[in-house]
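Sequence and computational prediction follow.
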Amino acid sequence: MGSAGRVVLVTGVSRDLGRRFARAAAADPAVDRVIGVDAVPPHGDIGDVSFVRADIRNPVIAKVIVKEDVDTVVHMSVIATPGSAGGRNTMKELNVIGTMQLLAACQKAPGLERLVVKSTTTVYGASSRDPAMFTEDMEPRRAARAGYAKDVAEVESYVRGFARRRPDVAVTLLRAANVIGPRVTSPLTSYFRLPVIPTVLGHDPRLQFLHERDLIEVLRHAAVNDVAGTFNVAGDGILILSQAVRRLQRPTVALPPFAVGGVGSALRSARLADFSPEQIDLLTYGRGVDTTRMRTGLGFEPAYTTAEAFADFGLTLTPTGGRAEKLLARMARSLPEPAPVSSALPQPVPGGVDHG
Amino acid sequence: MGDAEIIPIGTRGRPGRGTGSSRPSSAARSLAAGGKPAAPASATRAAPAKKAPPKKAAPPKQAAEPAVDLPADVQRAPTTTRDRGPMSGIPAADWLSAINHGAREVFGEQWEPQLAQFLAFLRRRVAGDFTVDEYGFDREITERFLMATLRPIAEKWFRVEVRGAENIPAEGGALVVSNHSGTVPVDGLMTLVSIHDHTGRFLRPLGADLVFKMPFVSTLARKSGATLACNEDAERMLRGGELVGVWPEGFKGIGKPYAERYKLQRFGRGGFVSAALRTGVPIIPLSVVGAEEIYPLVGNVPSLARLLGLPYIPITPFFPLLGPLGLVPLPSKWLLEFGEPIRTDEFDAGAADDPMLVFNVTDQVRETIQQTLYSLLMKRQSVFR
């Protein structure tokens, strides 16, 4: 295709991350033009991106790709929550039928050179039989039966099928860890935004996060560089849930496993948080992915570690707990004083130590 | 005590129990003042007896005031307890010296820096300001709590004796393969603390998936460095240069009846050997004597175990019989012997996929452990000595 620059088509620009990626791609010198596609217009400023209102579930998308001479397609409209789209059926249709139509359109586009699909580490599932760190070659121990995880598994299988049928197209599948950041709205961020965080009694899962800026950056990296394959993308390191919650200074309430589902559906109907079965699994058993291939194969280095990404997310939240921490801090301040400690403060010492 | 006084039945015109008024009505007072000598005495007694307990210090005085006005033989009301609250009478200085003294007892003379240090640790924990590795291993908690708890049990209760600790390499990956016994995996914990105390290294145990399914146990296992016994994790840890511990007999070994003690069960499919072959790390056979006797397994309830999804429900001579007391392990004498490392880096590249070779090495490890068990049993004077 033309050496002038790439023509990138981005699906799912009505949502915040899609819109911001489209803008970031438009700002890239290697990119000539960015076309944003979605069924509903984006909310914010899309800058230089030209928006085409088209539903990817509709064959019209094929005409857009051919007419605009697109050589790179970035598929970002696989959604985790029904949210504004409607019910679970709409979500599934959007995810699965949308991807099918988009890939069918891509197959007919002779000028297409590159396809980047944003997937998620949810495809690995979460169970007690999981290895500590999933590499790209591993399969989930239990195939997802429903929900987002199943959608993503189906989307990935379509993408692999497409890669077989069009070997001339470089297909990059990015399995992103839970994306987190001050502006992200996802099932996991709304979970951490709850004033009191319910946890599964007796389990302390390992979590990995990817900062929103790193997600946009890795998609841009994959869209303009000559790479292909499947890659896990996650920030370095691991946070365990109890540690994460303490860093947010939020109180928790541990619920026995059978109660989590009930509380989850109550929260869902109150539209406070979305507890899907796969999220409950994640909060019970946790998940880690190996990112060696991201560094060696993809040549990408995230700017934020898991802990830094989480800290950046935590900045926007006001702590609702952390009383024990404050008490300990006060005691620690009063302690280095020589001579007998003032009579007002030592009294909380035994109590504080015990309960802290 | 006011309660001990005789309170006449009936109120004789004075406000009785539960009338709710704090003072006798004027009619009652006039009655009492002009009445027989028995009346005022009982009036003074009855009133404070009712008043004193709920309030303290001031109210009894006030209630006793009418008595002062009274003529004749007015005794002091017997209910004049000033310090009904358990804490109110202890002055702040006493508190201070008690705490000071207690702190010295616990932390020694240098208690202030010690306490400050401990507080800093607590604050770190409470603020979540610590790191875990990718398997969820929390070094600080393991060192400060788990090891500190297990050490006295290993030293005082089981009197663990370690032989051949020099066979454990000081650094680099190695696979410790041990026999498994004792109904509850106490042998794993004792191995953990013994290796840490003798070599300073942390053993990273590989556990069955049941461990990671159970609440609390899964959290503790991950924090103390365990991970799932699968080839992916074993190889990953060995490549990362960790000292990995594996109990290939699994539930067959740990849940075998007491009559079959010290008879090694089948060593699975030899997955641990292929993991060691692929990573080229030495295999260190470990024989544990003593764990078989801590909970002698004499029976099982297979149907209940199936119902609960557990491999077995143990019945020991003491367990369901004595209730929680039956959970105390018998204080058997323990011997741990680490054998000569078996090298695996001399085989060809494809050795891990050669089932014959894997079985041979598995048998070699199993035989070594079995023979060492017999020789250790000969050395032990009795089960408890």
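Okay, I see it.

Tell me the confidence at the residue in the stretch 201-350 of chain B positioned nearest to chain A?
Nearest residue of the stretch 201-350 of chain B to chain A (C-beta to the nearest C-beta) works out as B:Pro215 at 2.4 Å. Yep, even glycine has a C-beta here, placed from its N, CA and C like the rest. The model reports B:Pro215 with a pLDDT of 92.

same check, this time on B:Glu143
Reading off the model, B:Glu143 has pLDDT 91.

A:Glu68 touches A:Leu9, doesn't it?
Yes: counting by C-beta atoms under 8 Å, A:Glu68 touches A:Leu9, with 7.0 Å between them.

still on that earlier bit, check contacts around the residue of the stretch 201-350 of chain B closest to chain A.
The contact partners of B:Pro215, taken as C-beta atoms under 8 Å, 6 or more residues apart in numbering or on different chains, are A:200-203, A:257.

which secondary structure element contains it?
Here B:Pro215 sits in a region with no helix or strand, counting by DSSP states H and E.

backbone phi and psi for it, please?
The phi/psi pair for B:Pro215 (degrees, to the nearest 10) reads phi -60, psi 160.

Quick one: residues contacting the nearest residue to it once chain neighbours are set aside.
Of all residues not flanking B:Pro215 in the chain, A:Gly202 sits nearest, at 2.4 Å (C-beta to C-beta, 6 or more residues apart in numbering or on different chains). Contact analysis of A:Gly202 by C-beta under 8 Å, 6+ apart lists A:254, B:214-219.

Pick out the residue of the stretch 1-150 of chain B closest to chain A.
Relative to chain A, the nearest point of the stretch 1-150 of chain B is B:Gly128 (3.3 Å; C-beta to the nearest C-beta).

Report the secondary structure state of that residue.
With DSSP: H, G, I helix; E, B strand; the rest coil as the basis, B:Gly128 sits in coil.

count of residues packed around it?
19 (other C-beta atoms under 10 Å in any protein chain shown).

Wait, it touches A:Gln243, no?
Yes: counting by C-beta under 8 Å, B:Gly128 does reach A:Gln243; the two are 4.1 Å apart.

is chain A contacted by stretch B:166-184?
No: using C-beta under 8 Å from any C-beta of the partner chain, stretch B:166-184 stays clear of chain A, coming no nearer than 15.6 Å.

Next, the buried residues of that stretch.
Judged by neighbour count using 16 or more other C-beta atoms under 10 Å in any protein chain shown, the buried positions of stretch B:166-184 are B:167-169, B:173-183.

Stretch B:303-317 too?
B:311-316.

In PyMOL, how would I select just the buried ones from the contacts of A:Gly202?
This is the PyMOL syntax for the buried subset of the contacts of A:Gly202, where burial follows 16+ other C-beta under 10 Å:
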select buried, chain B and resi 214+217+218+219
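
just to revisit the earlier point, next up, the contacts around the residue of the stretch 1-150 of chain B closest to chain A.
For B:Gly128, the contacting residues are A:242-247, by C-beta under 8 Å, 6+ apart.

And what about whichever residue of the stretch 151-300 of chain A sits closest to chain B, helix, strand or coil?
Proximity of the stretch 151-300 of chain A to chain B (C-beta to the nearest C-beta) peaks at A:Gly202, 2.4 Å away. Under three-state DSSP, A:Gly202 falls in the coil class.
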